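> fold the following and give me the result.
(one chain, ligands or ions: 1)
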Amino acid sequence: MMKFIALLSFFAILVLIACKATAPGDLESRIADETKKMTLGGKNLKNPIADTPESVKEGASHFQHHCQICHGLDGHNTGVPFADKMSPAVADLAEKDVQEYTDGQLKWIIENGIRFTGMPGWKGILDDQEMWHIVHFIRHLPAKGSLGAPAIYKGSEEQHQEMEKGAQPGKVPAQPSKQPPTRPHEHPH
Ligand code: HEC
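The predicted structure is shown next:
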């Protein structure tokens, strides 16, 4: 019976969400949001590490190693070309929704990731201490754009511009050389 009631209220929630939704995409993301909230753990876990500038700095260095590829160096997705192309888009960690999580929930998200999104879980890659330091960093994010784009994207942006320059009309691309390659050809034919 309890199971039935739980199931019924789940459907009631779905119907409520559906009524408020305006477009199918909207409905989809609302269901994803509700599912996320229902499955999220860690609410009452306390951050065992003191909120000090040293901890924020340590968190920043882990973040800028593991998370910058999607979240940018600053946690605001600065310079990440696909951030708004992912579905759901990569969250700007300064947003109210994210900052409203407790420290324990943020740690839980980092540890377990978010199902059905591009946000991976880091269990086994980062240890608990490292995750708690990152939580402090998320509470003290640098200003948007203040750290520039991750190096990996800066390079590709320049290369892209070079390629576009090369493709300008009127500019004949260099002919491939007829000379045999200078590097020795090792594999047998
Ligand atoms: C492969 C890309 C990717 C990487 C790497 C990544 N994230 Fe995310 N992250 C995402 C996406 C996409 C979302 C949005 C998920 C959503 O809206 O539910 C997200 C959301 C989040 C959120 C907010 C969750 C919410 O409910 O809004 C936090 C906090 C977060 N990431 C922290 C991190 C940390 C810390 C790291 C590094 C240890 C990291 N992420 C690495 C893609 C990534």
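
> can you give me the helices in this protein?
In the chain, the helices defined using DSSP state H lie at 2-20, 24-39, 53-66, 68-71, 96-99, 103-112, 128-139, 151-166.

> out of the ones you listed, which comes closest to the ligand?
For the helices of the chain, proximity to the ligand was assessed by CB to the nearest ligand atom; helix 68-71 is nearest, at 3.0 Å. Placement of C-beta: from N, CA and C, glycine included.

> which one of the helices of the chain lies nearest to residue 45?
Set against residue 45 and scored by CB to CB, the helices of the chain come closest in helix 103-112, at 3.1 Å.

> for that closest one, what is the distance to the chain centroid?
Averaged C-alpha coordinates place helix 103-112 at 14 Å from its chain's average position (CA atoms, centre = their mean, to the nearest Å).

> hmm, who's touching that helix?
Under the contact criterion CB atoms under 8 Å, 6 or more residues apart in numbering, helix 103-112 has outside partners 40-47, 98, 101, 119, 121-123, 126, 128, 131-132, 134-135, 138-139.

> if we go to 6 Å?
Contact partners of helix 103-112, identified using CB atoms under 6 Å, 6 or more residues apart in numbering, comprise 40, 41, 42, 43, 45, 47, 121, 122, 123, 131, 135, 138.

> if we can go back for a sec, would you list the helices of the chain in TSV and tack on distance to residue 86, mean pLDDT and mean neighbour count?
Shown next, in TSV, are these (distance: least, CB to CB, whole Å; pLDDT from 0 to 100; neighbours: other CB atoms under 10 Å):
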stretch	distance to residue 86	mean pLDDT	mean neighbour count
helix 2-20	22	51	10
helix 24-39	12	73	13
helix 53-66	17	98	17
helix 68-71	8	98	19
helix 96-99	16	96	11
helix 103-112	16	98	21
helix 128-139	19	98	20
helix 151-166	15	76	11
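
> JSON lines for those, including distance to residue 78?
What follows is the helices of the chain, written out as JSON lines (distance: least, CB to CB, whole Å):
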{"stretch": "helix 2-20", "distance to residue 78": "32"}
{"stretch": "helix 24-39", "distance to residue 78": "23"}
{"stretch": "helix 53-66", "distance to residue 78": "12"}
{"stretch": "helix 68-71", "distance to residue 78": "9"}
{"stretch": "helix 96-99", "distance to residue 78": "16"}
{"stretch": "helix 103-112", "distance to residue 78": "20"}
{"stretch": "helix 128-139", "distance to residue 78": "15"}
{"stretch": "helix 151-166", "distance to residue 78": "10"}
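
> with adjacent residues omitted, what lies nearest to the residue most central in space within the chain?
Nearest to the mean C-alpha position of the chain, counting by CA atoms, centre = their mean, stands residue 70 at 4.1 Å. Excluding its sequence neighbours, the residue lying closest to residue 70 (CB to CB, 6 or more residues apart in numbering) is residue 90, at 5.0 Å.
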